Every structure is written in C-alpha cells, then in structure tokens.
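**Student:** Sequence unavailable; structure follows:
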C-alpha cells in the first residue's frame, strides 16, 4: 500500500491515514486478519509523529475495523458480513468485489402532485425530548421552558449556561449591519446558500459525510427532515424497519403517510439486521440512529452497518441515518457516519443532523443530506411544508460555523458533558441506591435508569411529573413490552444543586411507587 499524505491540505494527517486504511479494508485489499504496520514503523515511514498514527489506529479500532492483540499488534477485524445476492442468498466478500445495487430506489410520486399531508407541529408522538401528546410539550416541561428554565430531567436541552451568547449576539448584530436586505428576503426552500456550504464542509470534516452544498437541505430540525423523507420516498403500505425501542416522532412521520412500521429489535450491536431480513426483506426503508441509538445508547457495530448497507444495495431500499448525538462521544473521537462509508449502499442513505442539541432548542434549525440528484425534489417538498426557515438565523449560524466558533463550542461541550455525566452518575448512586441503576454512557446527553422488576416506569414518571420532575418511561418508546422498565434522564443543562435536588425528589417517587 502506497500512502501519500497531503501535508498542505485541510484534512488532518491522522484522518488521511485513517481514511486510506478504511478504504483498503472496505475494498478487501486488506483481508481480515492481516497485520498492520506497527505505529512506530508507519510513523517513521510516513515522516509523521507516532501520535498521529496512533490517532488513526484508535479511530479505526473504535469503528470496528481493527482489533488489537496483546503482543500481536493491530490486525484487520474479521467482522465483514456476508453480501446478499439478488435472491437474498449470502455470498462471502472476496478481494476486489463490491456490492452493486440490484434495484434502484424509487421516489414515491412526482412532487407537483404532493400536497402537504402533515405539519411537524401536528405529529402525534409520545415523550421524546420532553414532548408528548399531539405535538405539544408535556405540561411540566412546557411550564418550565415558558419560565426560562428547565426542570430536571428534561431531555434534549444542551448546557444553555455555557453557550457563547456574546459571540452569537455579535454575529447577529454584524449580519444586520452588513446585509439587512438579504435577511428580509426568503430563500429558495433549500436554505441559505452560505449555510449549506458551511454545513457540507463541517459534515465532511467532523462526521465523514460525503456531500456538496447542493445535497444539503436546511430544515426546521431533524423531525422535519424525517417527515420530508417519508413524504417523498414512501407510498401507502410500504414497510419500514424501525428500531425497537425507537424514536417516536420518526414512527409517527412514517405512519402519517400510510407506511407499515415494523419494529426491529436493538441489541448491543445496534439494529438486528438479520431479524429485519427475516420479517421484511423487501422493506422500502430503515430508520437507524447508529452513532448513539435512541434511546438505548448502543453504538452500531461495523458488521451491522455493512450488513444494513448490503441490504439497502441489494433490495433498492433507503436508509435514514439520524445522527442526533454523533458529536458527543466521550471515549475518543466521534465515529464517522455510515453515509460516508465507501460502499454502494451508502448512496441510498439519507443523513440527518440538527443544531437544536448542539446550540440551543429555540433555534429550530437542522439539515438533511440527500443523494446527488435529489436536492431539487426535496427543496420543492420543503417549500410545500412551511416555505423556509428564518434567513437571519441561518446567516448567523453560517458565520458561527465558518469562523470556527461551532467546532470550538462542540469540543468544549464534549468535555463539559462528560464531567456532568460523571457527576450525575455519582450522585444517582448516592441518592437512589438500588432503587434505580444508572450506568454511564459513551456518548450523548441522556442516561438510562433501570428499575427493579415489577416497578412501572409509567407510574414513576407520573409521580415525578406531579412533583415537578420530567422523566420519560422507556416503555412509551416501544411498540411491544420492553424486557425491563427504565427511565430516560437528561443530565446536561443542570447545576450540581439542581441535579442533587432532582434526584432526591425522584428517590421519593421511587419509594412511593414501591409502596
């Protein structure tokens, strides 16, 4: 393998090494079990520091491409799954072989014939990120946010006390001084062009998403992106694989267009692709949260990611990758997106991102990355829903990203959230004892609190709401009964004293529910 590094380019050296090895592994030029050069030897050969090579190897190992063996160095993992042929039979990957799409994925109908079927505010869903009922916040969370504060332990709210408000205000004032007329005119539905360009560059450098600005559609949050994909790509009766337990707003969006949602279990490796193939091999779409599964917090393994992409390529199906917490990984660098893998099925992945959880919820800006050639259709569908997002906020966000403020903010929040998670887990163990087990998570802004057998998570959540605490029962995110009851708890926006008081109140609710 000849590896040439661009030392003057914008891509860091460790990422260039990582991408080169990843491509070689996916193309089967490096077969399973092959030993890689030692970090010292490769660093000497490339003329870089050993730390640079270690960073690349660590990322490859985190994403499942490499396995480290004591005394045996690093070897290519033997996790490559079989490839499905046209009839669904499995054939093993061989050197130089790739999966070609057997059936091109189709669109549901021409855009001019599509009338708005749902508004995002009217989706029926339960208990995700503090929301419940038909598009209205839960009463506890709504009252709290109306007073400008968050109740413990509402989900989906970042650390607002640490947001660089002065920087945002300065950028806002500058935009209105320089471009007032541009900020008062609507965009074309796809979004403010400089923001789309900034998102495309950020998504590639930070998340490994391969796209241009023409593939980026600015949305009013991730839920609208899901609704757009559902309207454009699904017909009534189409089957959709849905993680079980899973993200309720996504399920509602698919149901709203008449699709048949099929729950597919999630285990420690993520979505069980084999189960999905068994119940609906010709499903039209799969919805996954591979970087941090909502709500279980598992990370989809490389084998499962490749198996899912193999299925998409073979069946001509779509995959929606919701990367809602991908930036907040605490054990090493964030994992690359599934959309960015060198795989034919990756061309059928719709990638979703949101700024509500990385900046602040009231911003209501997100984005969807669509395959080449689909930008115009999604733009027109976006126009039919609510025209466009506020241009002024888009312009400020573009400056915030382009000038490096966003990347610095995410890095700072990653450190802060890890500290607050560690503090939360320690306080939970002290205040709750065995009445609820809270374990740390490798990513994200929420934790699961597991309840003892026989304790109803719905009853505990109702008791907590009556005492000013907002927790989400795991059972409300399942179509079937979960194996264990649990509560989802947000921990990010709360001070030490707020967390402590909230946990003591929750402990009282747990004791009352057991009585």
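**Tutor:** Yes, it's here. These numbers were taken from a predicted model, which means no experiment stands behind them.
**Student:** number of nearby residues for residue 411?
**Tutor:** Under the neighbour criterion other C-beta atoms under 10 Å, residue 411 is assigned a count of 11. (Glycine included, C-beta is placed from N, CA and C.)
**Student:** Could I get the phi/psi values of the residue nearest to residue 260 when sequence neighbours are not counted?
**Tutor:** The shortest distance from residue 260 to any residue other than its chain neighbours is 5.0 Å, reached at residue 239 (C-beta to C-beta, 6 or more residues apart in numbering). Comment: the main-chain dihedrals of residue 239 come out as phi -90, psi 140, following degrees, to the nearest 10.
**Student:** Residue 239 and residue 307: what is the separation?
**Tutor:** Shown here: residue 239 relative to residue 307, a distance of 18 Å by C-beta to C-beta, to the nearest Å.
**Student:** out of those two, which sits in the busier spot?
**Tutor:** Using other C-beta under 10 Å as the criterion, residue 239 and residue 307 rank with residue 307 on top: 28 against 21.
**Student:** May I ask you to confirm that that one is in contact with residue 272?
**Tutor:** No - judged on C-beta atoms under 8 Å, residue 307 makes no contact with residue 272 at a distance of 9.7 Å.
**Student:** residue contacts, residue 329?
**Tutor:** Applying C-beta atoms under 8 Å, 6 or more residues apart in numbering, one finds that residue 329 lies in contact with 291, 292, 335, 414, 442, 443.
**Student:** Around the first one, how many other residues sit close by?
**Tutor:** Read that as residue 291. 26.
**Student:** Can you read off the pLDDT for the closest residue to it other than its chain neighbours?
**Tutor:** Counting by C-beta to C-beta, 6+ apart, residue 291 lies nearest to residue 326, which is 3.9 Å off, once chain neighbours are set aside. Residue 326 carries a pLDDT value of 81.
**Student:** I figured residue 326 was touching residue 203, is that so?
**Tutor:** No - Residue 326 is beyond contact range of residue 203, at 10.0 Å (criterion: C-beta under 8 Å).
**Student:** overlap in contacts of those two?
**Tutor:** 337, 353.
**Student:** contacting residues for the residue nearest to residue 260?
**Tutor:** 259, 260, 262, 280, 282, 283, 284, 285.
**Student:** Please point out which parts of the helix or strand hosting the third one sit buried.
**Tutor:** Residue 262 is part of strand 260-267 when elements are defined by DSSP states H and E. Of the residues in strand 260-267, 260, 261, 262, 263, 264, 266 count as buried by neighbour count, 16 or more other C-beta atoms under 10 Å.
**Student:** again with stretch 188-202
**Tutor:** For stretch 188-202, the neighbour count (16+ other C-beta under 10 Å) marks 189-202 as buried.
**Student:** Make a markdown table out of those and add distance to residue 231 and pLDDT.
**Tutor:** What follows is the buried residues of stretch 188-202, written out as a markdown table (distance: C-beta to C-beta, whole Å; pLDDT from 0 to 100):
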| residue | distance to residue 231 | pLDDT |
| --- | --- | --- |
| 189 | 14 | 86 |
| 190 | 16 | 93 |
| 191 | 18 | 94 |
| 192 | 23 | 95 |
| 193 | 24 | 95 |
| 194 | 27 | 96 |
| 195 | 23 | 97 |
| 196 | 21 | 97 |
| 197 | 26 | 96 |
| 198 | 26 | 96 |
| 199 | 22 | 97 |
| 200 | 23 | 95 |
| 201 | 28 | 93 |
| 202 | 27 | 92 |
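**Student:** Now that residue 38 has come up, it's in contact with residue 57, right?
**Tutor:** No - using C-beta under 8 Å, residue 38 is not in contact with residue 57; the gap is 9.8 Å.
**Student:** Same drill for these two, tell me which one is more crowded.
**Tutor:** residue 57 (24 against 14).
**Student:** which residues touch the more buried one?
**Tutor:** Taking C-beta under 8 Å, 6+ apart as the criterion, residue 57 is in contact with 36, 39, 66, 74.
**Student:** what's it sitting at in phi/psi?
**Tutor:** The main-chain torsion angles of residue 57 are listed as degrees, to the nearest 10 and equal phi -60, psi -40.
**Student:** What ranges does the stretch 301-450 of the chain have for its strands?
**Tutor:** With DSSP state E, counting those that start in this stretch, the ranges of strands along the stretch 301-450 of the chain come out as 318-322, 349-354, 366-369, 437-438, 446-450.
**Student:** For residue 508, which of those strands is the nearest?
**Tutor:** When the strands of the stretch 301-450 of the chain are compared by C-beta to C-beta, strand 446-450 sits nearest residue 508, at 14.7 Å.
**Student:** For that closest one, give me every contacting residue.
**Tutor:** Contacts to strand 446-450, defined as C-beta under 8 Å, 6+ apart, come from residues 155, 295-297, 421, 424-425, 428, 432, 436-441, 471, 474, 484-491.
**Student:** roughly how far apart are residue 265 and residue 440?
**Tutor:** Separation of residue 265 from residue 440 (C-beta to C-beta) stands at 23 Å.
**Student:** do residue 511 as well
**Tutor:** For residue 511, the distance to residue 440 - C-beta to C-beta - is 24 Å.
**Student:** So for those two, which residue has more residues nearby?
**Tutor:** Residue environment comparison for residue 511 versus residue 440 gives the larger neighbour count to residue 440, 14 against 11, counting by other C-beta under 10 Å.
**Student:** any idea how far residue 37 lies from residue 200?
**Tutor:** In this structure, residue 37 and residue 200 are 34 Å apart, going by C-beta to C-beta.
**Student:** same thing with residue 392?
**Tutor:** 21 Å.
**Student:** ok, now residue 431?
**Tutor:** Residue 431 is 45 Å from residue 200, by C-beta to C-beta.
**Student:** And for residue 35?
**Tutor:** In this view, residue 35 and residue 200 are 37 Å apart by C-beta to C-beta.
**Student:** ditto for residue 64
**Tutor:** Note on residue 64: its distance to residue 200, by C-beta to C-beta, is 26 Å.
**Student:** Can you tell me the centre-most residue of this structure?
**Tutor:** Relative to the mean C-alpha position of the chain, the nearest C-alpha, by C-alpha atoms, centre = their mean, is the one of residue 323, at 1.7 Å.
**Student:** Quick check: that residue touching residue 352?
**Tutor:** Yes - assessed by C-beta under 8 Å, residue 323 is found in contact with residue 352 at 6.3 Å.
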